[in-house]
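[1] Following is a predicted model, sequence given first.
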Amino acid sequence: MGILDRFKSHKAAQDKARQMSDAAEQKANERTGNKYESQVDAAQQNIEGRVGMDRDKPGQQ
C-alpha cells in the first residue's frame, strides 16, 4: 500500500489537506487581488483530483 493509498483512506488527513488547500487558494487570490482566481481554482481542483480529494465525489465536501 503506497503513501497515496493510505492518504486516500484516511479521512482526517484529507480534511486537514483540504483546509490547507483552501487556505493556500485564499492566500494566492488575496496576493494577486483575485486577478487569477479562475486559474488558481482550476489548479487547486487539479491537484486535489490527483491525490483523490475530488470535491465532486459523493460523500465529499
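    Thanks, I have the structure now. Residues are numbered from 1 along each chain as shown.
[2] Output the longest helix belonging to this structure.
    What stands out as the longest helix in the chain, according to DSSP state H, is helix 11-31.
[3] pLDDT below threshold where in the chain?
    In the prediction, the chain carries residues with pLDDT under 70 at positions 1, 55-61.
[4] Which residues belonging to the helix or strand just after the longest helix of the chain are considered buried?
    On the C-terminal side of helix 11-31, the nearest following helix or strand under DSSP states H and E is helix 37-50. By neighbour count, with 16 or more other CB atoms under 10 Å as the criterion, the buried positions of helix 37-50 are 40, 44-45, 48. Bear in mind the C-beta positions are built from the backbone N, C-alpha and C, glycine included.
[5] and what of stretch 4-24?
    Buried residues in stretch 4-24, counted by 16+ other CB under 10 Å: 14, 17-18, 21.
[6] Any idea how far it is from the middle of the chain?
    Remark: stretch 4-24 is offset 8 Å from the chain centroid, using CA atoms, centre = their mean, to the nearest Å.
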